[in-house]
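Undergrad: build me a model:
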Amino acid sequence: MSAVSAPLRLGTRASALATTQSEHVAAMVREKLGREVELVTISTEGDRSQASGTPISEAAAAGTTGVFVSALRHAILDGRVDLAVHSLKDLPTAPEPGIALAAVPVREDSRDVVVARDGLTLGELPVGSRVATGSPRRQAQLHALGLGLEVVPVRGNVDTRIATVRAGTHDAVVLARAGLARLGRTEEATEVLDPLQMLPAPGQGALAVECSSAATELVTQLAALDDAATRACVEAERAVLATLEGGCSAPIGALAEVVEGEDGEELWLRAVVLSTDGSLSIRQSAAGPTTDAAGLGDRLARLMLEDGAADLESAATAGGPR
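TA: Now for the predicted structure:
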């Protein structure tokens, strides 16, 4: 078998969601590139942290931002795999030497959802109900809703988190809708949260396809999987995060959408920074050309910094639940 026709080795985490996402990309590669793909399971620091019970936000604070990403990138760089698929929201904002973000396919629904007992919505849950999430961003925005809910941390995969509701440990959990959609389980959501209630994480719902930047032919081929509108949106959102320097554990939400402007398509970008308890927040929105996505995100974040966003981040980092 020639090197040209050899199967591409796609690195993936072992979880059901990760393998489902990787199979989705593998199917796109087979269809658009005519190349066979084999999945290679890689154990990541995030998986080991999850197994030990260490909250991801604590791992990120300890200097392992991108805990689900590093091992897959190492596997690319040392030649064990040819490409890897990540949830794009897990990617650190700083570029990684030797790694190319070759494609950002069409985005799944970016919103968060509630899976609650008895088919309830957040507003229908009684005061004092235990709502679980492992995300400081979701925790802060749940507090900000002022519903009198007890917001508690939770770890584990989609199955594990939903199981805590079925077992009565929690009254509800908040998850990304994209994960449920890719697993074919959207019917388990009892409410889809409007971004007005809860802005998603930068890049939420999108996938990132990475390979070695030295593999120029593969970088060119994988570009066939890229969706220009999705890439522009996530570039704007991640530019907000990069400029705010919040890292993955900061209570920051951002969402960009392609809309029709006076001169054609443009990006509409919204962002929020909150104190951990949700009592303080700074919200901004702006619009700009899709060709200047990163610039739009940077400018919006700088406006938020002028409004005191750095002080909120410091307060969030210094105290409150992680």
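
Undergrad: pLDDT-wise, which helix or strand of this structure ranks last?
TA: helix 56-59 (a mean of 42; mean pLDDT, DSSP states H and E).

Undergrad: following the chain past that helix, name the next helix or strand.
TA: Going down the chain from helix 56-59, the next helix or strand is helix 70-77, by DSSP states H and E.

Undergrad: can you list the buried residues in that next one?
TA: 70-73, 75-77 (16 or more other C-beta atoms under 10 Å). For glycine as for every other residue, the C-beta is placed from the backbone atoms N, C-alpha and C.

Undergrad: for burial, what's the neighbour tally of the residue lying closest to Asn157 once chain neighbours are set aside?
TA: Spatially, and ignoring its direct neighbours in sequence, Asn157 is nearest to Ser15 (5.3 Å; C-beta to C-beta, 6 or more residues apart in numbering). Burial of Ser15 is recorded as 20 neighbouring residues (other C-beta atoms under 10 Å).

Undergrad: what's the distance between Ser15 and Pro92?
TA: To Pro92, Ser15 is 20 Å away according to C-beta to C-beta, to the nearest Å.

Undergrad: ok, Val69 next?
TA: Note on Val69: its distance to Pro92, by C-beta to C-beta, is 7 Å.

Undergrad: going along the chain, name the strands of the stretch 151-300 of the chain.
TA: 172-176, 191-192, 207-212, 252-261, 264-274, 281-289 (DSSP state E, counting those that start in this stretch).

Undergrad: so which of these is the most surrounded?
TA: Burial of the strands of the stretch 151-300 of the chain is given as mean neighbour count (mean count of other C-beta atoms under 10 Å); strand 172-176 ranks first at a mean of 25.

Undergrad: pairing partners for that one, with directions?
TA: If you go by DSSP bridges, strand 172-176 pairs up with strand 112-116 (antiparallel), strand 130-132 (parallel).

Undergrad: and these as CSV, adding distance to Ala178 and mean neighbour count?
TA: Formatted as CSV, the strands paired with strand 172-176 follow (distance: least, C-beta to C-beta, whole Å; neighbours: other C-beta atoms under 10 Å):
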stretch, distance to Ala178, mean neighbour count
strand 112-116, 9, 25
strand 130-132, 19, 22
